[in-house]
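> prediction below, plus the sequence it came from.
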Amino acid sequence: MQGTNDLTLGPIMSILMKLMMPIIATNFISTTYGLVDMIWVGGLGSGPVAAIGTARWV
């Protein structure tokens, strides 16, 4: 099959890097989104910040 990679062959570190980079990027984007959201809502007061903080983990 063309376009597939056998993950059992080759150096393990390069394979792990290929697997972990999208996960790290997604986590960074999600964290940044939450931080920017809290900064914007922070101007409204502590009640709205608490509501968003609570709703984010549901």
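It's in.

> which strands and helices sit next to the longest helix belonging to the chain?
What stands out as the longest helix in the chain, according to DSSP state H, is helix 12-42. The helices and strands touching helix 12-42, judged by 3 or more CB pairs under 8 Å, 6 or more residues apart in numbering; DSSP states H and E, are helix 46-56. To be clear about C-beta, it is placed using only N, CA and C from the backbone, and glycine gets the same treatment.

> sorry, back to before: now the angle from the longest helix of the chain to helix 46-56?
150 degrees (axes from the mean of the first three to the mean of the last three CA atoms, to 10 degrees).

> how near is the most centrally placed residue in the chain to residue 45?
Residue closest to the average C-alpha location in the chain (CA atoms, centre = their mean): residue 27, at 1.5 Å. Distance, residue 27 to residue 45, using CB to CB, to the nearest Å: 29 Å.

> what about the protein, any weak spots by pLDDT?
Filtered on pLDDT under 70, the chain yields the residue ranges 1, 56-58.

> repeat that for 80
1-7, 53, 56-58 (pLDDT under 80).

> list the contacts of residue 38.
49, 52, 53 (CB atoms under 8 Å, 6 or more residues apart in numbering).

> okay if I get the residues you listed as TSV plus neighbour count?
Converted to TSV, these look like this (neighbours: other CB atoms under 10 Å):
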residue	neighbour count
49	16
52	16
53	13
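
> got CSV for those, with distance to residue 6 too?
Putting the contacts of residue 38 into CSV (distance: CB to CB, whole Å) gives the following:
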residue, distance to residue 6
49, 48
52, 44
53, 44
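
> from those residues, which single one is nearest residue 13?
residue 53 (37.3 Å; CB to CB).

> ok, now how distant is the closest one from residue 3?
43 Å.

> about what we covered before: can you mark which positions in the longest helix of the chain are buried?
By 16 or more other CB atoms under 10 Å, the buried positions in helix 12-42 come out as residue 41.

> tell me how far it lies from the chain's centre.
3 Å (CA atoms, centre = their mean, to the nearest Å).

> give the helix, strand or coil label for residue 5.
coil (DSSP: H, G, I helix; E, B strand; the rest coil).
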